[in-house]
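Engineer: Here is my input; please provide its structure:
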Amino acid sequence: MDQRLSSHPFYQKFFTQLDRSEMDIFADSMDPEGYILHFIGHYYVGMGTVGGRVPTEKGWMLDNASGWIIQLVKDYEQTGDIEYLKGHLTDIKRVMAFLYSRAPKGSSIPVGPTTYDDFVHPPLYSYYAGVWLTTLKAYEAIGKAVGDERIVKQSQERFTASQKEAIAKLWNGRFFAYGCEPDGSKRLDNVLFTGQLAGQFLSRYCGWGMFILWIL
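Structural biologist: Predicted structure coming up:
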């Protein structure tokens with residue numbers, strides 16, 4: 001799923017049904033807890049199927065859940081197919097409930113493992129803080145598309161809180177620190193990580209504009 005987040009635009013645009021077939025398998029194999037899996041296939045085993053099992057069950061990472069939601073919204077914005085989006089609405093709500101549950105007490109930003117798993121990162125991670133803001137933009141777009149004002153209001157309010165928190169805890173005056181503890185302590189200002197702008201890149205790619213840099 002994490003590789004799809006950056007590589008899917010080409011075949012989403014030109015091979016929409018192929019793209020959807022993968023997205024549908026990810027939805028069908030969603031864990032009962034509400035998270036999207038990292039993989040739905042394996043080099044030596046093959047691909048999972050809708051209604052069947054996948055060879056790589058279990059194991060959650062925050063950005064896999066976010067990536068699936070963001071890509072669903074891009075499908076809708078590219079195709080205008082509201083019925084496909086509505087068909088996954090229950091799944092979307094389950095995934096968002098999972099992500100909301102990952103935010104520790106006193107914080108509005110989910111914490112946990114991500115697909116940047118080469119190195120250990122702090123709980124409140126600059127990469128995912130930005131991706132989380134884009135996820136909330138995507139959820140707001142979903143709410144507007146299906147006419148659900150509760151979703152729109154919830155995502156807007158959470159976006160405002162998370163944006164404020166990310167800037168307050170991670171911005172060091174020069175760049176967004178690698179990460180910190182959920183309460184803002186132990187901020188790592190000695191790591192300049194380019195992934196700090198991943199969420200900003202995704203937001204601009206999706207047409208949802210700048211959400212951090214202009215406010216600084």
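Engineer: Which residue, neighbours along the chain excluded, lies closest to the residue nearest the centre of the chain?
Structural biologist: A centroid search over the chain (C-alpha atoms, centre = their mean) returns residue 66, at 1.7 Å, as the residue closest to the centre. Spatially, and ignoring its direct neighbours in sequence, residue 66 is nearest to residue 135 (4.1 Å; C-beta to C-beta, 6 or more residues apart in numbering). Every C-beta, even on glycine, is put in place using the N, C-alpha and C of the backbone.
Engineer: Give me the buried positions along the helix or strand hosting the residue nearest to the centre of the chain.
Structural biologist: Using DSSP states H and E, residue 66 sits within helix 62-79. If you call a residue buried by 16 or more other C-beta atoms under 10 Å, then helix 62-79 has these buried ones: 62-76.
Engineer: From the residues you listed, pick the one nearest residue 122.
Structural biologist: Out of the buried residues of helix 62-79, the one with the shortest distance to residue 122 is residue 62. That distance is 13.3 Å, counting by C-beta to C-beta.
Engineer: Isn't the residue nearest to residue 66 up against residue 72?
Structural biologist: No - with contacts defined as C-beta atoms under 8 Å, residue 135 does not count as touching residue 72, sitting 11.1 Å away.
Engineer: Next SSE downstream of the helix holding residue 66?
Structural biologist: Per DSSP H and E, the helix or strand that comes after helix 62-79 is helix 82-87.
Engineer: pLDDT on that next one, on average?
Structural biologist: Taken as a whole, helix 82-87 has a mean pLDDT of 97.
Engineer: Which parts of the protein are strands?
Structural biologist: Applying DSSP state E to the chain gives strands spanning 41-42, 46-47, 124-125, 179-180.
Engineer: Can you add mean neighbour count, distance to residue 99 and mean pLDDT and give those strands back as a markdown table?
Structural biologist: Converted to a markdown table, these look like this (neighbours: other C-beta atoms under 10 Å; distance: least, C-beta to C-beta, whole Å; pLDDT from 0 to 100):
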| stretch | mean neighbour count | distance to residue 99 | mean pLDDT |
| --- | --- | --- | --- |
| strand 41-42 | 13 | 24 | 70 |
| strand 46-47 | 12 | 26 | 72 |
| strand 124-125 | 28 | 14 | 96 |
| strand 179-180 | 22 | 18 | 96 |
